[in-house]
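Colleague: Kindly return the folded structure for what I paste below:
(chains A, B, C and D)
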Protein chains: 2
Amino acid sequence: MRDAAQTRLEAWKAQGFDFQACPVRQVLDHVAAKWTSLILLELENGPQRFNALGRALPDISKRMLTQSLRDLERDGLVRREVFDTKPPSVSYSLTDLGASFLTPLHGLIDWASEAMPVISEARLVFDDN
Amino acid sequence: MRDAAQTRLEAWKAQGFDFQACPVRQVLDHVAAKWTSLILLELENGPQRFNALGRALPDISKRMLTQSLRDLERDGLVRREVFDTKPPSVSYSLTDLGASFLTPLHGLIDWASEAMPVISEARLVFDDN
DNA sequence: GGATACAGGTCTCAATTAGAGACCTTTTGT
DNA sequence: ACAAAAGGTCTCTAATTGAGACCTGTATCC
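Modeller: Predicted coordinates for the structure are as follows:
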């Protein structure tokens, strides 16, 4: 929006206000990561291994699965454990923090299920078909 | 994951299963749109005009603001009204459906506020500083 | 009456991010 | 000896985003 608004933004930044530090944004960015929520939902069924997660979410690429899991691990929502089997297997599971995220997430999902018919209808009207 | 999983995915698709029709994914994609939730939160304070929203969300580009608003309008979460003033002004406001989304969204935000300190700590540990 | 400003966008181009899929290492099964 | 499975990484391409110039029309300032 580089208008007057941008000037204000820069003023804030100059005063040390860090936009990225806003918890709302951070969490929304997280949910916004598109795959992370889906992974967390999968792990709700219990710990799973890398390839099992890949199978459960067939349209995620390995690249994004790895990256999303790393992000979740870094934020302490998911625990990664390597077992020294042959071949070595890696198990991913929810931490307590990760599990606590499921409550608000399910709130969202419940809303989605109820709202979906209304949204579909709204789309048809908007696209005027 | 184009392994065995992809084969299964394609089998599902061949049987007419539409992944995009999953309401969970649709909503998560929505929240995932990064700006839409922020816009909805802004509109919680009452109807606002295009540039006012831009000012409230200083780091969104006009391009994304326009596009996000269109998406929200299409899904029936936001109402767009043009007033024939000079110069014409455009007001955006929440529909009932849009307002109903705020409940689960606040659930998420509350979780975020509580979890943020824990997450920050986890990040420090992970990044080993 | 010409310059400037605001409203609400659109358009183009560059930078970022995501996706597809080949490849790697070790070990077991046939 | 050959293929397969585990858990990834790496590269290349495609799609998405962001920055910001530009547009149309009225109103205001000097």
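
Colleague: Which stretches in chain A count as strands?
Modeller: Counting by DSSP state E, one finds strands in chain A at the ranges A:48-49, A:78-83, A:89-94.

Colleague: pLDDT of the last one, averaged?
Modeller: With pLDDT averaged residue by residue, strand A:89-94 scores 96.

Colleague: Name every strand pairing with that strand and say which way it goes.
Modeller: If you go by DSSP bridges, strand A:89-94 pairs up with strand A:48-49 (antiparallel), strand A:78-83 (antiparallel).

Colleague: Need the winner for burial among those.
Modeller: strand A:48-49 (a mean of 16; mean count of other C-beta atoms under 10 Å in any protein chain shown). For the C-beta atoms, the positions are set from N, CA and C on the backbone; glycine is no exception.

Colleague: what comes into contact with it?
Modeller: A:E42, A:A56, A:S89, A:V90, A:S91, A:Y92, A:S93 (C-beta atoms under 8 Å, 6 or more residues apart in numbering or on different chains).

Colleague: mind listing what the second one touches?
Modeller: If a contact means C-beta under 8 Å, 6+ apart, then A:A56 has A:E42, A:Q48 as its contacts.

Colleague: repeat that with 6 Å
Modeller: By C-beta atoms under 6 Å, 6 or more residues apart in numbering or on different chains, the contact set of A:A56 is A:E42.

Colleague: likewise the fourth one?
Modeller: Residues counted as contacts of A:V90 (C-beta under 6 Å, 6+ apart) are A:F50, A:V82.

Colleague: do you know how far it is from B:G98?
Modeller: As judged by C-beta to C-beta, to the nearest Å, A:V90 and B:G98 stand 42 Å apart.

Colleague: Find the residue closest to A:L57 in space, skipping its chain neighbours.
Modeller: Taking C-beta to C-beta, 6 or more residues apart in numbering or on different chains, and ignoring the residues beside it in sequence, A:L57 has A:L38 as its nearest neighbour in space, at 5.7 Å.

Colleague: Kindly report the same for A:E121.
Modeller: Leaving aside its chain neighbours, A:E121 sits nearest to B:G76 (7.6 Å; criterion: C-beta to C-beta, 6+ apart).

Colleague: Would you agree that neighbour is in contact with A:A122?
Modeller: Yes - assessed by C-beta atoms under 6 Å, B:G76 is found in contact with A:A122 at 2.9 Å.

Colleague: the helices in chain A, which residues?
Modeller: A:4-14, A:23-31, A:36-43, A:50-56, A:62-74, A:96-126 (DSSP state H).

Colleague: got the residues of chain A near DNA strand C?
Modeller: A:4, A:33-35, A:59-64, A:67, A:86-87 (C-beta under 7 Å from any atom of the strand).

Colleague: Out of those, which one has the weakest pLDDT?
Modeller: A:A4 (46).

Colleague: rewinding a little: between the contacts of strand A:48-49, which is nearest DNA strand C?
Modeller: A:S89 (11.2 Å; C-beta to the nearest atom of the strand).

Colleague: Quick check: residues of chain A near DNA strand D?
Modeller: So far as C-beta under 7 Å from any atom of the strand goes, chain A lies against DNA strand D at A:2, A:6, A:49-52, A:62-63, A:66, A:69, A:80, A:87-91.

Colleague: Noted, bye for now.
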